[in-house]
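Enquirer: can you look at this prediction? I've put the sequence above it.
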Amino acid sequence: MPQNSIQHGLSDVSRLGIGRYNHFLEMLLSGRPLEMLLNELVLLIQEKQPDCVASILLLSDDGKRLLPGAAPGLPDFYIDAINNLEVGEGVGSCGTAAATARLVIVEDIQRHPYWQDYRELAARAGLHACWSQPIVGSKGTVLGVFGLYYREVRHPTGMDLLLIHEAARLAQASIEFRRAQNHRQLTETITQHLPLGLIITDKEFNIIEVNPAFSHITGYPDAEVLGRKPGFFSTDPKSLQQYQDILDKLPAWRSWTTEILISRRNGERFNAELCFSVVRDEQNDIQRYVALISDISERKRSEETIQYQASYDLLTSLPNRNLFYERLNWTLEQGRRKQRAFSVLLMDLDYFKEINDTLGHDAGDELLVKVGTRLQQSMRPQDTVARLGGDEFGFIITGEHDEQALRELADQLLKNVSRSLTIRQMRDCRISSSIGISCYPSDGSTLEQLLKAAEQAVYAAKNAGRNGYAFFTPAMFEAAKTQALLHQEMHFAVSRNQLELHYQPIKRLTDDRIVQLEALVRWNHPERGLIRPDLFIPLAEKTGMIREIGQWVRQESLAMIGRLQEQGFNVPIAVNVSTAEFYDHGLADKIIAQVQESGVQGGSLLVEITESLLIRNQQETLTFLQKLQQANIQVALDDFGTGFSSLSYLAAFPADKLKIDRSFIHQMTANPRKQSLVDTIINLGHSLNMTVIAEGVETEEEEALLRSKGCDKTQGYLLAKPLPETELMEFLRGYNAGTGRD
Ligand SMILES: Nc1nc2c(ncn2[C@@H]2O[C@H](COP(=O)(O)O[C@H]3[C@@H](O)[C@H](n4cnc5c(=O)[nH]c(N)nc54)O[C@@H]3COP(=O)(O)O)[C@@H](O)[C@H]2O)c(=O)[nH]1
């Protein structure tokens, strides 16, 4: 409420001779509450007109009811009764005045229709006339009603009307002044405590006010910003341009919200959300601009983290599968449009699972991080290397790469991965990898086709002995189809008697006698002929069929022991137990029962397990070995040297035999490093009271070397390949040095 309006109202009242209104004015200006002001006004009127009872009713916020403002002369029961008086024509004098915004003069309450419902109440209060003047605000809306009651039926005089009119104006001035003051205080409180930075500028964008949060966020005190234009805190060219855009366009808009980089006083930059609004007056002319600034750096960081996590692998910081697919799709699109060739490489670490199982997941993670870093370093900036999951990495190699260049790249990657690493303070750890390569457009024209082709090529590289790479060839799809078909057909292999065993002899070096056989399964497929176990055992392991196959192999081996004995050969047979079979918890009991039911002599059946079993399910493995030992069934550790087991594992498990993996024997004569490893394994086995068998002995030189190193037994093509039963019998009959038991 403007000050001159108050003065105007007061001077009019003064003209009426109310000289003691100074007190009221003082109260008004000293900030007394509105209730006190209105009360004082009512008392002043009553003092001026001693035979009247004055009252002020205020309009409720929703404009539908009247609430008591000040009525010190009315009895409580009356005030209670008119509290919340409905605004409406015919609802007493005051309700009607508020509804119509007109002066309502009721000279005789008892006879006037407006008072029909309130006659009794008025009579009880001794009120007989009521004149009600609406209190109309400066914007023309009703703020309340000033009422004058008389204790007799009465006509107003001209002076009375002037008094009630001026009293209503004075009430209006008080209400608006106080409300404006309250509003200002409220606005100031909000501004001061607003957690957002606030800038108010004049219409030329000169800052005229900032709040404490602005200073807190930007570090600029008021004194340093007043009079400047808000753009001063945008220092980089992009933000300056953004800011200029806002200034140019804002006058035509109501508001503008944008994200902008703002510089704090100390030079630090942060992401802010800036919301500019235009304040216009009633003529729609711009008066002010108001800007709210919120520091959204934390939110930005979270968004960036979420974005990062969606696209990057947290362990290696390499792009993840999502981003890899995204980039591959983009590269494909480019390839199609610009007819550009590119290649996809998939890499799988060899025996990573064993490392995880042996050294623990933390060590596995450390290895992945180190390998990831090496791969990243091997790449050109325009290429992508991603971790697709587990131990699988993917590469997109763009640009012209002929086959030779890809070979060199794959060689380089293999070399980089296989360089020695330090994992968990263990130096000289090594891992190899297998890579599959597919090329666009020759091997596929969609993401799925290229990935499938590269995957097939990885399998091929693995099957070719690992630590190598393979290019996709259409034959690989055929192989995959065959695998899928074999998968179906394998279910009937046992029931249709398609499995058969071949037996490979094992010789004792001290007397050259055949002291053991290893049973090796083959699948005699009606159309495909003899299928090697490494083509179907992994499949059987995956599908669980391995249990049925294992059971059959033991059954058949036990029967063979009987047939051998009938032929006069008292040789034990070793059967392989796959790790997958081992998950059948009753396996030891099943084997023991099979042996007992067969009736063969104790010690005739041996079991070969791989080293990795020692690491997984240690307690179960120990129980398994102990049970077998008690039942006089010996256990050999197969493929020794490839499984990462430690000495402590070996010492803890009661195995009887240790078979040196054939990769150590292969070309050992020309490799002193291999020789010393073989030496170590032989000594290790002996020190743990184990019989040591060398696998894969193919040459006289290898055998001689092993003999000289004190190896107990050999198995390998030098002596014999795995033989079908009839050939084995012939071999044993023809073998000069004879057969026997340990
Ligand atoms: N769970 C089961 N696994 C089995 C069973 N039968 C075999 N297998 C496993 O399949 C893998 C391949 O076996 P196979 O093709 O029979 O190869 C064996 C030998 O032929 C081969 N070998 C033996 N001597 C030589 C040699 O001088 N040179 C050379 N290049 N290869 C040779 O080694 C295989 C025997 O290996 P191992 O078992 O480690 O003693 C193989 O992993 C079998 O274990 C089965 O019934 N159940």
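Expert: Looks like it came in fine.

Enquirer: name the SS class of the nearest residue to residue 724 once chain neighbours are set aside, please.
Expert: Leaving aside its chain neighbours, residue 724 sits nearest to residue 502 (5.5 Å; criterion: C-beta to C-beta, 6 or more residues apart in numbering). Placement of C-beta: from N, CA and C, glycine included. Classification of residue 502 using DSSP: H, G, I helix; E, B strand; the rest coil returns strand.

Enquirer: residue 502: how many residues sit nearby?
Expert: Other residues lying near residue 502 total 19 when counted by other C-beta atoms under 10 Å.

Enquirer: shouldn't residue 66 be in contact with residue 59?
Expert: Yes: at 6.4 Å, residue 66 counts as touching residue 59 under the criterion of C-beta atoms under 8 Å.

Enquirer: of those two, who's got more company?
Expert: Legend: neighbour count by other C-beta under 10 Å for residue 66 and residue 59, higher for residue 66 (27 against 22).

Enquirer: now the more buried one: how far from the ligand?
Expert: Using C-beta to the nearest ligand atom, to the nearest Å, residue 66 is found at 96 Å from the ligand.

Enquirer: bridging residues for that residue?
Expert: In this entry, residue 66 is beta-bridged to residue 59, residue 85, by DSSP bridges.

Enquirer: for it, give me its contacts.
Expert: Contacts here follow C-beta atoms under 8 Å, 6 or more residues apart in numbering; on that basis residue 66 touches 57-60, 82, 84-87, 94-95, 98, 144-145.

Enquirer: now swap in residue 741 and tell me
Expert: Residue 741 neighbours (C-beta under 8 Å, 6+ apart): 515, 570-572, 603.

Enquirer: mind checking which of the residues you listed are buried?
Expert: Listed as buried from the contacts of residue 741 are 515, 571-572; burial here means 16 or more other C-beta atoms under 10 Å.

Enquirer: enumerate the residues of the chain near the ligand.
Expert: 504, 518, 520-521, 532-534, 537, 553, 576, 578, 638-639, 662, 695-698, 715-717, 722 (C-beta under 6 Å from any ligand atom).

Enquirer: how about 5 Å then?
Expert: Residues of the chain lying near the ligand by C-beta under 5 Å from any ligand atom: 520-521, 532-534, 537, 553, 576, 578, 638, 696, 698, 716-717, 722.

Enquirer: what does the pLDDT read for the residue nearest the centre of the chain?
Expert: Residue closest to the average C-alpha location in the chain (C-alpha atoms, centre = their mean): residue 309, at 6.1 Å. pLDDT for residue 309: 91.

Enquirer: which helices and strands does the helix or strand harbouring it pack with?
Expert: Using DSSP states H and E, residue 309 sits in helix 297-311. Counting contacts by 3 or more C-beta pairs under 8 Å, 6 or more residues apart in numbering; DSSP states H and E, helix 297-311 packs against strand 269-280, helix 321-338.

Enquirer: how about it: buried residues?
Expert: Result for helix 297-311 [16+ other C-beta under 10 Å]: buried residues residue 311.

Enquirer: what lies in contact with that helix?
Expert: 270-271, 319-320, 322-323, 326.

Enquirer: ok, now stretch 229-245?
Expert: Here stretch 229-245 has contacts from 199, 201, 205-207, 218, 220, 225, 247, 258, 260-264, 269, 291, using C-beta under 8 Å, 6+ apart.

Enquirer: before we move on, what about stretch 446-453?
Expert: Looking at stretch 446-453 with C-beta under 8 Å, 6+ apart, the contacting residues turn out to be 325, 328-329, 332, 344, 346, 394, 436, 438, 440, 443-444, 472, 476-477.

Enquirer: coming back round to it: now, of the contacts of stretch 229-245, which are buried?
Expert: Here, 16+ other C-beta under 10 Å leaves 199, 201, 205, 207, 218, 220, 225, 260-263, 291 buried among the contacts of stretch 229-245.

Enquirer: follow-up on the earlier one: contacting residues around the residue nearest to residue 724?
Expert: 519-522, 721-724, 728.

Enquirer: ok so, going back, so which pair among the buried ones among the contacts of stretch 229-245 is furthest apart in space?
Expert: Farthest apart among these by C-beta to C-beta are 201 and 261. That separation is 20.1 Å.

Enquirer: just the buried ones from the contacts of residue 502?
Expert: Using 16+ other C-beta under 10 Å, the buried ones in the contacts of residue 502 are 519-522, 722-723, 728.

Enquirer: among the residues you listed, which two are most distant?
Expert: Farthest-apart pair in the buried ones among the contacts of residue 502 is 521 and 728; separation 14.4 Å (C-beta to C-beta).

Enquirer: follow-up on the earlier one: could the buried ones among the contacts of residue 741 go into a markdown table alongside pLDDT and secondary structure?
Expert: Below are those laid out as a markdown table (pLDDT from 0 to 100; DSSP: H, G, I helix; E, B strand; the rest coil):
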| residue | pLDDT | secondary structure |
| --- | --- | --- |
| 515 | 96 | strand |
| 571 | 96 | coil |
| 572 | 97 | coil |
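
Enquirer: now distance to residue 711 too, for these, in CSV please.
Expert: Formatted as CSV, those follow (distance: C-beta to C-beta, whole Å):
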residue, distance to residue 711
515, 13
571, 19
572, 19
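
Enquirer: how far out from the middle of the chain is the longest helix seen in the chain?
Expert: Longest helix of the chain, by residue count under DSSP state H: helix 158-193. For helix 158-193, the separation from the chain centroid amounts to 57 Å (computed by C-alpha atoms, centre = their mean, to the nearest Å).

Enquirer: check stretch 305-316 too.
Expert: How far stretch 305-316 lies from its chain's middle: 8 Å, per C-alpha atoms, centre = their mean.

Enquirer: cool, and stretch 525-543?
Expert: Centroid displacement of stretch 525-543 relative to its chain, using C-alpha atoms, centre = their mean, is 41 Å.

Enquirer: how far does that stretch stretch from one end to the other?
Expert: 19 Å (C-alpha to C-alpha, to the nearest Å).

Enquirer: could you do stretch 609-625 as well?
Expert: Note: stretch 609-625 ends 10 Å apart using C-alpha to C-alpha.

Enquirer: what residues does that stretch touch?
Expert: Against stretch 609-625 from outside (C-beta under 8 Å, 6+ apart): 354, 357-358, 577, 579, 582, 585, 587-588, 635-645, 649-650, 652-655.

Enquirer: 6 Å - rerun?
Expert: Applying C-beta atoms under 6 Å, 6 or more residues apart in numbering, the contact partners of stretch 609-625 are 354, 357-358, 577, 579, 582, 588, 635, 637-640, 643, 645, 649, 653-654.

Enquirer: which among those residues end up buried?
Expert: For these, buried by 16+ other C-beta under 10 Å: 354, 357-358, 577, 579, 582, 588, 635, 637-640, 643, 645, 649, 653.

Enquirer: so out of everything in the stretch 601-742 of the chain, what residue is nearest the ligand?
Expert: Here the stretch 601-742 of the chain gets closest to the ligand at one residue, residue 716, 3.3 Å apart by C-beta to the nearest ligand atom.

Enquirer: now that residue: closest residue in space that isn't a chain neighbour?
Expert: Using C-beta to C-beta, 6+ apart and skipping the chain neighbours, the partner closest in space to residue 716 is residue 697 (3.3 Å).

Enquirer: that neighbour: neighbouring residues, count only.
Expert: By the criterion of other C-beta under 10 Å, residue 697 has 27 neighbours.

Enquirer: and it, what does it touch?
Expert: Listed by C-beta under 6 Å, 6+ apart, the contact partners of residue 697 are 665, 703, 714, 716, 718.

Enquirer: apply 7 Å and report the result again.
Expert: The contact partners of residue 697, by C-beta atoms under 7 Å, 6 or more residues apart in numbering, come to 665, 703, 706, 714-716, 718.

Enquirer: average model confidence for stretch 233-253?
Expert: 82.

Enquirer: dump that stretch to PDB, keeping only the CA atoms.
Expert: In PDB, the C-alpha atoms belonging to stretch 233-253 read as follows (Å, rounded to 0.1, in the frame of the first residue of the first chain):
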ATOM      1  CA  PHE A 233      30.900 -15.100 -14.100                       C
ATOM      2  CA  SER A 234      30.900 -16.900 -17.500                       C
ATOM      3  CA  THR A 235      34.500 -17.000 -18.600                       C
ATOM      4  CA  ASP A 236      34.700 -19.700 -21.200                       C
ATOM      5  CA  PRO A 237      33.600 -18.900 -24.800                       C
ATOM      6  CA  LYS A 238      30.800 -21.400 -24.900                       C
ATOM      7  CA  SER A 239      29.200 -20.100 -21.700                       C
ATOM      8  CA  LEU A 240      29.600 -16.500 -22.800                       C
ATOM      9  CA  GLN A 241      27.800 -17.300 -26.000                       C
ATOM     10  CA  GLN A 242      25.100 -19.100 -24.100                       C
ATOM     11  CA  TYR A 243      24.800 -16.100 -21.800                       C
ATOM     12  CA  GLN A 244      24.600 -13.700 -24.700                       C
ATOM     13  CA  ASP A 245      21.800 -15.800 -26.300                       C
ATOM     14  CA  ILE A 246      19.800 -15.600 -23.000                       C
ATOM     15  CA  LEU A 247      20.200 -11.800 -23.000                       C
ATOM     16  CA  ASP A 248      19.100 -11.500 -26.600                       C
ATOM     17  CA  LYS A 249      16.100 -13.700 -26.400                       C
ATOM     18  CA  LEU A 250      14.900 -13.300 -22.800                       C
ATOM     19  CA  PRO A 251      13.000 -10.000 -23.400                       C
ATOM     20  CA  ALA A 252      10.700 -11.800 -25.700                       C
ATOM     21  CA  TRP A 253      10.100 -14.700 -23.200                       C
END
